[in-house]
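Asker: next one to model:
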Amino acid sequence: MKQTLSKFESESVRTHPRRAAIAAAVGNVLEGYDIGIYGYSAVILAKLFFSDNGTGALILTFAVFASGYVTKPLGAVLFGHIGDRYGRRLALVTSVLLIGICTALIGVLPTQASIGISAPILLTILRLLQGIAAGGESSGSAIFMVESAPPAHRGLYGSWQQVSTAGGLLLSSGAIGVLSAVFTQEEIFVWAWRIPFLLAIFTTLGALWLRLGVEETPTFEALEKSDAVVHNPLMVSIKKFWREIVVTIGVATIGSIGYFIFLMYMPSYLIAVIHVDPNTARWSNVTAIVAFAALTPIFGGLSDRVGRKPLLLGSCIGFVLLSFPAMYLITQGSTALIYIGQLIPAALLAIYSGAVMTAFVELFRTEVRYTAMAVGYNISTSVFGGLAPLAATLLISATGSNLAPALLAIFTALIAGVFVWFMRETVRRPLQ
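Answerer: Modelled structure (predicted):
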């Protein structure tokens, strides 16, 4: 079917959409790396920054991790304003710089043994700042990709936002793997744990180089030429697009829980709760992330053909039906079953992620897209994503059941499914 172009899309067609997508993706890799390196280092950080070496320390470590998500909505407002007023490119350059600086600074923090209670306080402050920066990164990079994409392939291009985040998780997992292979446990706890955090300096420089080297999206350029830039995008978003923001919050719930439970939290869960060998925990997780990254663009391309809603709804149904079986397989301790148990939710997440970011971009008008999408998406990830590892750990402790995290996935899949059912289909609609 021939794609209809909006006045913003037809005004200017980007010569190098792949270059724009790469520039957006590399910065998003850094956010994924930041998330992963903290999550995969949780057991180490618990011992270094909190005196309790048991479950209590792990809960506190994930609480600090969750604190970064408290400030994501604030970052959504801040960077959304920059993106809608002054351009997507400026917002993305600023956000990736702040994420990189905070991640590197964690790598030079003194531990609790050195400065006492000040150590976890400083760690929390850096996580709060990371949250502000991340509040503009995920939504902004997806918008940059989709607005720069050929109209008939927006789903395919938008899916790379999720792939690049997975790439960051793989990069962080690889860094932790190399760390474990090269250094002894004593060396890791004394000083080598800092290395993966400091490596963010190089990722940041690469992302800055790429983002500074691309032009603004043609959609935003056309908006500026039309003198249609909104001076208060937050107020306009709340007044005119509150329904779409609520839909974004609802649909994003299962993505947040599924991603953080099954891809980010799982290594710590396998090691600390199931007492699986760390190598098995790490490599089974790497396999799941690779499968997710490989499948997501396939489903992104499929969403350009069949629509966004069928994929989103199918993923929600899959999580309702298969979350408990997947967790059961994971808890059996068998290496083969652990791999299978992680591949099931990875495939369901790929179906969801192939369509979701493009669907969110397409819900909103160009003049408020950055702010409105970022606010909705980050409210959901703050409540359901950042708290997921902490909630899973507390739920296991309260129920005594290692299967308890599946309840979170089922609950949020039901919520998301209702919102998907009532949301409008956006495929082949021109960007307004």
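Asker: just the pLDDT at the closest residue in space to G56 that isn't next to it in sequence, thanks.
Answerer: Take G56 and drop its neighbours on the chain: the residue closest to it by Cβ to Cβ, 6 or more residues apart in numbering is F50, 7.6 Å away. For every residue, glycine as well, the C-beta is placed using N, CA and C. Reported pLDDT at F50 in the predicted model: 85.
Asker: F50 and F65, how far apart?
Answerer: The span separating F50 from F65 equals 12 Å under the rule Cβ to Cβ, to the nearest Å.
Asker: between the two, which is the more surrounded one?
Answerer: More crowded of F50 and F65, by other Cβ atoms under 10 Å: F65, with 27 against 23.
Asker: so the residue nearest to G56 touches F62, yeah?
Answerer: No: between F50 and F62 there is no contact under Cβ atoms under 8 Å: 10.9 Å.
Asker: could you list every residue that touches the spatially closest residue to N402 that is not a sequence neighbour?
Answerer: Across the structure, with Cβ to Cβ, 6+ apart as the measure, the residue nearest N402 apart from its sequence neighbours is T331 (4.7 Å). Applying Cβ atoms under 8 Å, 6 or more residues apart in numbering to T331 gives the contacts I274, N402, L403.
Asker: could you dump the residues you listed to a markdown table with neighbour count and secondary structure?
Answerer: Shown next, in a markdown table, are these (neighbours: other Cβ atoms under 10 Å; DSSP: H, G, I helix; E, B strand; the rest coil):
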| residue | neighbour count | secondary structure |
| --- | --- | --- |
| I274 | 16 | coil |
| N402 | 15 | coil |
| L403 | 17 | coil |
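Asker: I'd like those as CSV, with distance to V43 and pLDDT appended.
Answerer: What follows is the contacts of T331, written out as CSV (distance: Cβ to Cβ, whole Å; pLDDT from 0 to 100):
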residue, distance to V43, pLDDT
I274, 13, 86
N402, 17, 89
L403, 21, 91
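Asker: how far away is I410 from F422?
Answerer: Looking at I410 against F422, where the rule is Cβ to Cβ, the gap reads 20 Å.
Asker: who has more neighbours, the two?
Answerer: I410 (19 against 11).
Asker: can you check the pLDDT for the more buried one?
Answerer: Confidence per residue is given as pLDDT, and for I410 that number is 95.
Asker: which residues touch it?
Answerer: Applying Cβ under 8 Å, 6+ apart to I410 gives the contacts F319, V320, S323, F324.
Asker: what does E362 give?
Answerer: V146, R154, R308, T426, V427, R429, L431.
Asker: would you list the buried entries among those residues?
Answerer: Neighbour counting by 16 or more other Cβ atoms under 10 Å classes V146, R154, R308, T426, V427, L431 among the contacts of E362 as buried.
Asker: now do the helix or strand harbouring L394: distance to the chain's middle.
Answerer: In this assignment (DSSP states H and E), L394 forms part of helix 388-399. For helix 388-399, the distance from its own C-alpha centre to the chain's C-alpha centre is 21 Å (Cα atoms, centre = their mean, to the nearest Å).
Asker: then stretch 406-420?
Answerer: Between the centre of stretch 406-420 and the centre of its chain there are 18 Å (Cα atoms, centre = their mean).
Asker: likewise for stretch 197-209?
Answerer: Average the C-alpha atoms of stretch 197-209, do the same for its chain, and the two points are 18 Å apart (Cα atoms, centre = their mean).
Asker: go on, stretch 105-114?
Answerer: For stretch 105-114, the distance to the chain centre is 26 Å (Cα atoms, centre = their mean).
Asker: buried sites along that stretch?
Answerer: Neighbour counts over stretch 105-114 (16+ other Cβ under 10 Å) mark L105, I106, G107, L109, T111, Q112 as buried.
Asker: any chance of those in TSV, with secondary structure too?
Answerer: Listed next are the buried residues of stretch 105-114 as TSV, based on DSSP: H, G, I helix; E, B strand; the rest coil:
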residue	secondary structure
L105	helix
I106	helix
G107	coil
L109	coil
T111	coil
Q112	helix
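Asker: closest to G386 among these?
Answerer: Using Cβ to Cβ, I106 comes nearest to G386 of the buried residues of stretch 105-114, at 16.4 Å.
Asker: from G354, how far out is that closest one?
Answerer: As it turns out, when the distance is counted by Cβ to Cβ, I106 lies 32 Å from G354.
Asker: just I254 next, same as before
Answerer: Here the distance between I254 and G354 works out to 14 Å (Cβ to Cβ).
Asker: not counting sequence-adjacent ones, nearest residue to D84?
Answerer: P233 (3.9 Å).
Asker: I figured that neighbour hits E367, correct?
Answerer: Yes: applying Cβ under 8 Å as the test, P233 and E367 come out as touching, 7.0 Å apart.
Asker: overlap of the contact sets of the two?
Answerer: The contact sets of P233 and E367 overlap at D84 (Cβ under 8 Å, 6+ apart).
Asker: what about E187, distance to G255?
Answerer: 37 Å.
Asker: between the two, which one's more packed in?
Answerer: Set side by side, E187 and G255 show more neighbours around G255, with 25 against 12, by other Cβ under 10 Å.
Asker: residue ranges in this structure under the pLDDT threshold?
Answerer: Across the chain, the ranges flagged by pLDDT under 70 are 1-15, 52-55.
Asker: could you point out the longest helix in it?
Answerer: Longest helix in the chain by number of residues (criterion: DSSP state H): helix 118-148.
Asker: list the buried residues of the helix or strand following that helix.
Answerer: Once the chain leaves helix 118-148, the next helix or strand it forms, by DSSP H and E, is helix 154-182. Of the residues in helix 154-182, 154-177, 179 count as buried by neighbour count, 16+ other Cβ under 10 Å.
Asker: stretch 50-67 now?
Answerer: Buried residues in stretch 50-67, counting neighbours by 16+ other Cβ under 10 Å, are found at F50, A57, L58, I59, L60, T61, F62, A63, V64, F65, A66, S67.
Asker: again with stretch 333-342
Answerer: For stretch 333-342, a neighbour-count test (16+ other Cβ under 10 Å) marks L337, I338, Y339, I340, G341, Q342 as buried.
Asker: list the ones among those residues that fall in helices.
Answerer: Counting by DSSP H, these contribute L337, I338, Y339, I340, G341, Q342 to helices.
Asker: pick out the most distant pair among the residues you listed.
Answerer: Between any two of those, the greatest separation by Cβ to Cβ is 9.7 Å, found for L337 and Q342.
Asker: fine, thanks again, bye for now.
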